[in-house]
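# quick one: sequence and predicted model below, then my questions.
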Amino acid sequence: MNKFINPLLWIILPLAAFFSVSCGSESSDDERPYVVTTTMMLEDVVNQIAGDFVRVDGLMGPGVDPHVYRATPGDFRALERADLILYNGHFLEARLSEILSQMPERTFAAAEQIDTELLIEAYEFGGNYDPHVWFDVSLWMQVTEAVGARLQELVPNHAEEIAANTTSYLDELRELDEWVRERLNEIPEGRRVLITAHDAFSYFGEAYGFDVMGLQGLSTQSEYGLRDVSQMVRFIIENEIPAIFLETSIAPRSVQSLINGVTERGGTVQLGGELYSDAMGARGTEEGTFTGMVRFNVNTITEALK
Ligand SMILES: [Zn+2]
């Protein structure tokens, strides 16, 4: 029996392998337009308003820092195949800007669609404006609207559905914005100071009435020095700041050095928890969506400072 089967297997196995590989390239039988995004925030917008009509991949997953992110070989292949590439812009994806600038007809800088009068100027790093627009929900609504219009162009035969989805998602964001204001009202005026590892929350501060300070500046590419730490330590003690925060996409040591510095000088400051700043939570979880991420951050901030 064995003598008979063995030679046959020499033929069957390679054939089986060949068919399983050709059936495995699932992307070829998905006819929907292929959208690639840089950040998870943009990936979520696409999923919310056009998830049924396009295929979407986000290059930067949970915990990934966009300021220092470099494209992998897999990313290059995805960018090459993409029908549309959505990125934040304003130099957030500093190390991808060269590649992205090489394909102007397929790229769309979502945050660059916002009226620049509404943006915070930031000449001290690579771009002209602070790129962290997503924590002012009203600015993110503008981004959503712009992305919706671009996706309607990409998938004209489903433009009506995408327009309707965009409208109802914008309603959801408007409700979210109201909820953020109500929740943050639980924090007394004098305690509305948000100290984090880097300056990702300036728009949040502007929109919701917070003083915001980051140890590392606007881009995580910039270094912070001992002087920055001791100035911030003095500020925390003098203003009796109750809590400061970590960020999921940045190593905790800079914030830890602040806490140590305050303790050494006889002060006390709590670790308020970890905030999502430049990346969201795991895909498939509440914090892996934009609305869930904002709710998580606002709850964390409120609980620590109220
Ligand atoms: Zn940042």
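Thanks, I have the structure now. Residues are numbered from 1 along each chain as shown.

# where in the chain is pLDDT low?
The chain contains residues with pLDDT under 70 at 1-28.

# which residues in it form helices?
Per DSSP state H, the chain carries helices over the ranges 2-24, 40-50, 73-81, 97-101, 137-154, 159-184, 202-208, 226-238, 253-264, 290-305.

# in CSV: the ones you listed, plus mean neighbour count.
Placement of C-beta: from N, CA and C, glycine included. As requested, these are arranged in CSV below (neighbours: other C-beta atoms under 10 Å):
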stretch, mean neighbour count
helix 2-24, 9
helix 40-50, 25
helix 73-81, 13
helix 97-101, 14
helix 137-154, 20
helix 159-184, 16
helix 202-208, 21
helix 226-238, 15
helix 253-264, 17
helix 290-305, 20
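
# what's the closest of these to His90?
For the helices of the chain, proximity to His90 was assessed by C-beta to C-beta; helix 97-101 is nearest, at 10.1 Å.

# centre of the chain versus that closest one, how much separation?
19 Å (C-alpha atoms, centre = their mean, to the nearest Å).

# so what are the domain limits for the chain?
28-181, 187-305 (automatic domain parsing).

# close to the ion: what parts of the stretch 201-306 of the chain are there?
Residues of the stretch 201-306 of the chain lying near the ion by C-beta under 5 Å from the ion: Asp278.

# where does the stretch 201-306 of the chain get nearest to the ion, which residue?
Relative to the ion, the nearest point of the stretch 201-306 of the chain is Asp278 (4.2 Å; C-beta to the ion).

# how many neighbours does the closest residue to that residue other than its chain neighbours have?
Of all residues not flanking Asp278 in the chain, Ser249 sits nearest, at 4.8 Å (C-beta to C-beta, 6 or more residues apart in numbering). Residues lying near Ser249 (other C-beta atoms under 10 Å) number 25.

# wait, Ser249 sits on Ala279?
Yes. Counting by C-beta atoms under 8 Å, Ser249 touches Ala279, with 4.4 Å between them.

# so what sits against both of the two?
Shared contacts of Ser249 and Ala279, defined by C-beta atoms under 8 Å, 6 or more residues apart in numbering, are found at Gly63, Val64, Asp65, Pro66.
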